[in-house]
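> Sequence and predicted structure below; questions after.
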Amino acid sequence: MKYLLGLIILCFCGNSYAQELKFTVQVTTEQMKAAANGAVNVKDVANTMQQEISSFLNSRIWTNDKFNENEKIKCYLVINITEVPEQYSYKANAQLQVSRPVYGTSYETLVLNYIDADFDFSYPPGLQLNNYNDNSFSNNISSLLAFYAYISLGFDYDSFSKNGGSPFFEKAQNVVNNAQQSGNTGWKSVESQNNKYWLMENINSSQMQSIREGLYSYHRTGLDNFLKDPTAARASMIDCLNKVKKASEFKPGAILIRTFFKTKDSELISIFTEATQEEKQKVYDVARQLDPSSLTLYDKMMK
């Protein structure tokens, strides 16, 4: 079992600890502004999309590793359709959350909270998502979903072993490379500093590797060790923050840094509210520089 012993996890991190995916998918139209004349009932289409996307993500085999049903990685995907500019064409944004259990507790921690502003796609009748192939581009929706599947695996594996997610990040990078020639938004460097291209650039950059190393210490020697030794666990989490700060010296404001704090700010505040004043100050000093949008929450932590 994945979470019986930390030692088992470390020794077998390349093989037996891995899981497949358990996605909960929601496709919403609450943000929709307009629909093209003659467009089909978008709410009905959204229901169909939701079922087919869920089936694609949860039925496909993404790894070569063995897993049990109760070991699947929990993922939550919300796709917000904002506009239907023409028949079967959808503008949307999405949010992907990935969580994993903390050893010895019933608590689940987010390992990724990713906001994607570029989730535009076509969904004509009869579209076959299962035709997706890692080695070529078929359609944008299947590439988007495959990208999400691989980064979900990558962040989960990184939380259990140092750079354990590298094989899956390589697959995610391959998805980006294949999709760049499609003409769809979100895949190219020139379009935005906040898209999928730059997320993968950050993940693969040697200047940002300290963040991935920090995510390992945050989870394995931090959260997973919290019941046994809270002081040592908090020290590992502070070490992670310092590694994120180190990366920010090379790429200030990078998407991976902002995604880290979107994922972890509430948890950090909760855990360090009961810490010593010295520990709180260390967290606050990093947050003040790198997570200023949440500073009022960190202010409450300091009281």
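Cool, the structure landed.

> can we go C-alpha only for contacts and neighbour counts from here?
Will do.

> next structured bit after the host helix or strand of Thr259?
Using DSSP states H and E, Thr259 falls within helix 255-272. Sequence-wise, the next helix or strand downstream of helix 255-272 (DSSP H and E) is helix 277-290.

> Now do that following helix against helix 255-272, angle only.
Helix 277-290 and helix 255-272 meet at an angle of 150 degrees, taking axes from the mean of the first three to the mean of the last three C-alpha atoms, to 10 degrees as the criterion.

> for helix 277-290, packing partners?
Here helix 277-290 touches helix 230-250, helix 255-272, helix 295-302, going by 3 or more C-alpha pairs under 8 Å, 6 or more residues apart in numbering; DSSP states H and E.

> so what's the residue most central in space within the chain up against?
Geometric centre of the chain, nearest residue: Leu112, 3.4 Å, by C-alpha atoms, centre = their mean. Neighbouring residues of Leu112 by C-alpha atoms under 8 Å, 6 or more residues apart in numbering: 96-99, 152, 155, 259-260, 263.

> Then Asp120?
Residues near Asp120 by C-alpha under 8 Å, 6+ apart: 89-93, 140-141, 184-185.

> With adjacent residues omitted, what lies nearest to it?
Using C-alpha to C-alpha, 6 or more residues apart in numbering and skipping the chain neighbours, the partner closest in space to Asp120 is Lys91 (4.4 Å).

> mind checking how far that neighbour is from Pro85?
7 Å (C-alpha to C-alpha, to the nearest Å).

> the more surrounded of those two?
A count of neighbours by other C-alpha atoms under 10 Å puts Lys91 above the other of Lys91 and Pro85, at 18 against 15.

> Partner strands of the helix or strand encompassing that one and their direction?
Assigned by DSSP H and E, Lys91 belongs to strand 89-101. Strand 89-101 has its sheet partners listed here by DSSP bridges as strand 73-86 (antiparallel), strand 108-116 (antiparallel), strand 121-122 (antiparallel).

> picking up where we left off before, any idea which of the contacts of Asp120 is closest to Glu278?
Distance to Glu278 across the contacts of Asp120 (C-alpha to C-alpha) is lowest for Asn93, with 40.0 Å.

> how far away is that closest one from Glu71?
29 Å.

> on that earlier part again, contacts for the strand holding Lys91 next, please.
For strand 89-101, the surrounding residues in contact (C-alpha under 8 Å, 6+ apart) are 3, 73-85, 107-124, 148, 152, 156.
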